[in-house]
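J.: Build me a model from this:
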Amino acid sequence: MNRIALVVGVSGITGSNLAEELVRKGWTTYGLARNPNVSIQGLRPVAANLLSPESLSTALAEVAPTHVFFTSWMRMETEAENIKVNATMVRNLLDALAPKKSVQHVALVTGLKHYLGPFEAYAKEGFLPETPLREEQPRLDIENFYYAQEDEVYGAAARDGFTWSIHRPHTVIGKAVGNQMNLGTTLAVYATICKETKRPFRWPGSEAQWNGLSDVTDARVLAKHLVWAAITEGARNEAFNVVNGEYFRWKWLWKRLAAWFGIESVGFDGTIHPLEEQMAPDGPLWRQIASRYNLVESDLGRLASPWHTDLDLGRPIEVMTDMSKSRKLGFTIYERTEESFFDLFTQLRTDRLIP
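T.: As a prediction, this is how the structure comes out:
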């Protein structure tokens, strides 16, 4: 079959890894973003603004995808604005493609805020679900831009006749510059700063996260899951959790991350030490580090997203995710979590993003 993919958000962690996987699999692959990732060999970049129907119409004039993978989002000041903007991006894209009648399947990537609540109510009392998180758990009784994005997909699918899949990863680990949710690179930058300044690599989060079970999603696993769902009949019109396939405790992993950098680790000491506060004054320091080691990115804000890492590591409950729905349908890809981090750190070093 001549499978033609359109990866929306191709410059992000998920989109770039997905595009590489699709190209490897022999798909004709277009990558859409305001500034598309042009470093992926074989990718056909498409520059467009998802908030502009005119921009999309022009950019997609000669593109007729069979499969659409939507991995993009935009952070706004309030959840009401998040809903308006992020739903509009999905709607504009699917409206632009509707006249082509080429789309067979649409995959939407959201995340565990589906279960834990949006930014304004994230993992707060009254919105704490039972874990492990399972796909059949109902939506929370609160507005959430993930729900709005899903509803746009459902509505367009009913109108245009394509199938869909929803993918809910937990803390995607992979390389991207300028990404708004990037725990792996944030911790790599934090560890680098600790090493340069002789600070301890101090656990920034809660006791529940330190001692409790957790999981994460390697971007390479997520890419394979997206492709699998797009071509597997039993996975059509289903929502899926997707994680590495193992549980871990941060109190076990933290010292291993520190050892990779050759620094001292400090565990939970009874107090939360948010990274956003710790790293707030470190912009000038990072510029010095970048100059000293000839790094390619001197803007700390384009590498680290401590605010989002604090959300993940500061939660008052342990969070782990059930993958049995995908396993039962035949998706068996697995990744060891420490290797997800170590592979990322090695890539960041190779690409001169950390020393």
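J.: Can you give me the distance of the residue nearest in space to the middle of the chain to V216?
T.: Closest to where the C-alpha atoms of the chain average out (Cα atoms, centre = their mean) is V172, at 4.4 Å. Plainly put, V172 is 8 Å away from V216 if you go by Cβ to Cβ, to the nearest Å. (Each C-beta comes from the backbone N, C-alpha and C, glycine too.)
J.: hmm, back to that, isn't the residue nearest to the centre of the chain right up against T217?
T.: Yes: V172 is in contact with T217 according to Cβ atoms under 8 Å; the separation is 5.1 Å.
J.: At which residues are the helices of the stretch 51-200 of the chain located?
T.: 53-59, 79-97, 113-116, 145-160, 183-197 (DSSP state H, counting those that start in this stretch).
J.: Average pLDDT for the last one, rounded please.
T.: Taken as a whole, helix 183-197 carries a mean pLDDT of 97.
J.: Make 274 the first number, not 1, from now on.
T.: Shifting the count to begin at 274 puts that one at helix 456-470.
J.: buried stuff in it?
T.: Within helix 456-470, the residues scored as buried using 16 or more other Cβ atoms under 10 Å are 456-469.
J.: Which among the helices of the stretch 324-473 of the chain is found nearest to I277?
T.: Ranking the helices of the stretch 324-473 of the chain by distance to I277, with Cβ to Cβ as the measure, places helix 352-370 first at 11.3 Å.
J.: Next, the buried residues of that closest one.
T.: 352, 355-356, 358-370.
J.: same question, stretch 524-532
T.: Applying 16+ other Cβ under 10 Å to stretch 524-532 flags 524, 527-528, 530-531 as buried.
J.: Mind checking which of these are in helices?
T.: Within these, residues falling in helices by DSSP state H are 524, 527-528, 530-531.
J.: which among these gets closest to T301?
T.: Nearest member of these to T301, counting by Cβ to Cβ, is L530, at 38.6 Å.
J.: Please report how far the closest one lies from T465.
T.: 12 Å.
J.: Would you mind confirming that G390 is in contact with N417?
T.: Yes: the criterion here is Cβ under 8 Å, and G390 meets it with N417 at 6.9 Å.
J.: quick one: which of the buried residues of helix 456-470 is nearest Q314?
T.: Scanning the buried residues of helix 456-470 for proximity to Q314, where the rule is Cβ to Cβ, the winner is T458, at 22.7 Å.
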